[in-house]
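In: pasting the structure only:
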C-alpha cells in the first residue's frame, strides 16, 4: 500500500450540460444561465484553481466558434442535452464577425448622437452633437489583459491616454484618429484642436 495521494480528477477541456441552478452567468453576455438550459463550460486554470467558465452555447459560438466546434466534435456532452445545430451556430458566428468587421477601431472621433452618454474619464455628460473620442482602456479579466472601448470628451483625452489603464498609445495618435474616424476631415481637425497636444 502506498502513502502517495491519489491523482486529482482530470477535467475535460469542455463540458456541455444542463445548468444545475440559475446561479451561473454567461461569460460573454453576463446574463444568468437559467436552470435546465444547455450551457457550455470551457476549462480554465486560474489563480483560484481549475474550473469551467460557463457560457450560453450561442454566445460562445458568436465569440469563438472554433471552441464550440471542438466541443461538439469531442465526447464532452452530458446525456440528455439537446445542442443547437452547428450550422445555426456557424450562422450566428458569421453574423457576429460581420458586425465586428464593421466596428471602428479606436482611437476615433464622432459626434454624440444623444446626450445620454457620460465621459469615461471625468464622468460628466457628453452633450448631444459634441465631439466624443473613443479610446482603449485595459481591463484585467481572469489574469488576462483585454482592451475595451471607452468614450471621453476631447478635453479628457490627454489624461485618459496618460493613465495607467490606457490601452491607447500617444504615438501617431492624430494620424490614427484621422484614419479611423468616419466624420469629415475638417471635423477631425476641429476635434484635434479641442484635444490639444498629448
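Out: Okay, I see it. Being a predicted model, the structure only gives us computed values, none of them experimental.
In: average pLDDT for the helix or strand containing residue 95?
Out: Here residue 95, judged by DSSP states H and E, is contained in helix 86-102. Helix 86-102 carries an average pLDDT of 92.
In: Would you tell me what the next helix or strand after it is?
Out: strand 108-111.
In: so what does that next one touch, helix or strand wise?
Out: Strand 108-111 is packed against strand 131-141, helix 173-180, helix 185-195, with contacts defined by 3 or more CB pairs under 8 Å, 6 or more residues apart in numbering; DSSP states H and E. Every residue, glycine included, has its C-beta placed from N, CA and C.
In: what domains does the record give for the protein?
Out: Using automatic domain parsing, the domain ranges for the chain come out as 14-101, 108-195.
In: will you turn those into a markdown table that also has mean neighbour count?
Out: Listed next are the domains of the chain as a markdown table, based on neighbours: other CB atoms under 10 Å:
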| stretch | mean neighbour count |
| --- | --- |
| domain 14-101 | 15 |
| domain 108-195 | 16 |
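In: okay, and for this protein, where does confidence drop off?
Out: By pLDDT under 70, the weakly predicted segments of the chain are 1-9, 142.
In: try it again with 50
Out: 1-7 (pLDDT under 50).
In: related to what we said a few turns ago, which stretch among the helices and strands packed on strand 108-111 comes nearest residue 34?
Out: Each of the helices and strands packed on strand 108-111 has some distance to residue 34 by CB to CB; the shortest is strand 131-141, at 23.9 Å.
In: Next, the angle from the closest one to helix 185-195.
Out: Here strand 131-141 runs at an angle of 70 degrees relative to helix 185-195 (axes from the mean of the first three to the mean of the last three CA atoms, to 10 degrees).
In: Measure how the following helix or strand past strand 131-141 sits relative to helix 185-195, angle-wise.
Out: Heading C-terminal from strand 131-141, the first helix or strand you meet, by DSSP H and E, is strand 144-152. Using the same axes, to 10 degrees, the inter-axis angle of strand 144-152 relative to helix 185-195 is 100 degrees.
In: helices or strands up against the next helix or strand after strand 144-152?
Out: Downstream of strand 144-152, the next assigned helix or strand under DSSP H and E is helix 157-162. On a contact count with 3+ CB pairs under 8 Å, 6+ apart, helix 157-162 meets strand 131-141.
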